[in-house]
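# below is the structure, and that's it, no one-letter string:
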């Protein structure tokens, strides 16, 4: 069995019920993964998790769903442990979870600050820690961040700020986990055509972001299509294993550095 493809591998996806995570689950199953462990946050996403489970099974892979608030490290541990109990190990871990807030710097409350750093930074850290401890040798670990890490803009201070530590976590983890053959990467999409983006944007802001990327007119909506992120993540957790410690910006020229 090749160690650098998805065939017969066990994949765990944080936020795997819907949007990018749900599409990744389907794609990994279609590309030969043996089993997918799909995390979802709350009861609100259970129906979508069930739908994704059914789709994955129809594609020939085994699947389980695990619910939990990943800002509590015990739930991150539970997620990995349940996947290992069900499938015997985990080869690939992808974390797509996140929370966005668009708000003036001067108006952000302590509760909002804590919530943003809880899911975007703390949960990401402990997800990576569990992966480092529990992935099989030659495993793959990828985290979704944001192209706003390369933006000079207002109103996203606490969102981009909470995602920024993941770049350093990625570099540090690649150094520490590399001895077991584990590659560690982060992917930074532009604003994606999902409900995650539209919830906090005005019509004018949507219009701006939809035309801000160099390749906007070649996208279905002008935004980053999740279908264009899936092949990159698939590559990084398979044949692209030699890339490690890197944050890859994939946004059609929305931001660069």
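It's in. Worth saying up front: this structure is predicted, and the values here are computed from it rather than measured.

# the stretch 101-250 of the chain: strands as residue ranges?
Under the criterion DSSP state E, counting those that start in this stretch, the stretch 101-250 of the chain carries strands at the ranges 135-144, 183-189, 246-250.

# so how far is the last one from its chain's centroid?
Averaging C-alpha coordinates over strand 246-250 and over its chain gives two centres that are 12 Å apart (CA atoms, centre = their mean, to the nearest Å).

# adjacent strands (with direction) for that strand?
Applying DSSP bridges, strand 246-250 is found paired with strand 183-189 (parallel).

# what's the closest non-adjacent residue to residue 138?
Using CB to CB, 6 or more residues apart in numbering and skipping residues adjacent in sequence, the residue nearest residue 138 is residue 181, 3.8 Å away. For every residue, glycine as well, the C-beta is placed using N, CA and C.

# ok, now residue 71?
Leaving aside its chain neighbours, residue 71 sits nearest to residue 118 (3.9 Å; criterion: CB to CB, 6+ apart).

# count the residues that sit near the one you found.
16 (other CB atoms under 10 Å).

# got a pLDDT number for the residue most central in space within the chain?
Within the chain, one residue has its C-alpha closest to the average C-alpha position: by CA atoms, centre = their mean, that is residue 96, at 2.1 Å. With respect to pLDDT, residue 96 scores 98.

# report the contact partners of it.
Residue 96 is in contact with 13-16, 19-21, 24, 144, counting by CB atoms under 8 Å, 6 or more residues apart in numbering.

# let's see that with 10 Å instead.
For residue 96, the contact set (CB atoms under 10 Å, 6 or more residues apart in numbering) comprises 13-25, 39, 142-144, 187, 196, 226, 229, 233.

# backbone phi and psi for it, please?
Backbone torsions for residue 96, taken as degrees, to the nearest 10, come to phi -100, psi 0.

# run a quick neighbour tally on the closest residue to residue 37 other than its chain neighbours.
Ranked by CB to CB, 6+ apart and with sequence neighbours excluded, the top spatial neighbour of residue 37 is residue 83, at 3.7 Å. Neighbour count of residue 83, defined by other CB under 10 Å: 25.

# remind me which residues of the stretch 151-257 of the chain are low pLDDT?
Within the stretch 151-257 of the chain, no stretch has pLDDT under 70.

# all helices of it, in order?
Per DSSP state H, counting those that start in this stretch, the stretch 151-257 of the chain carries helices over the ranges 157-177, 195-198, 203-210, 226-236.

# may I see the ones you listed organised as JSON lines, with mean neighbour count and distance to residue 79 added?
Shown next, in JSON lines, are those (neighbours: other CB atoms under 10 Å; distance: least, CB to CB, whole Å):
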{"stretch": "helix 157-177", "mean neighbour count": "19", "distance to residue 79": "17"}
{"stretch": "helix 195-198", "mean neighbour count": "15", "distance to residue 79": "20"}
{"stretch": "helix 203-210", "mean neighbour count": "14", "distance to residue 79": "32"}
{"stretch": "helix 226-236", "mean neighbour count": "18", "distance to residue 79": "18"}
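
# let's have those helices in JSON lines, adding distance to residue 2.
Below are the helices of the stretch 151-257 of the chain laid out as JSON lines (distance: least, CB to CB, whole Å):
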{"stretch": "helix 157-177", "distance to residue 2": "20"}
{"stretch": "helix 195-198", "distance to residue 2": "34"}
{"stretch": "helix 203-210", "distance to residue 2": "39"}
{"stretch": "helix 226-236", "distance to residue 2": "14"}
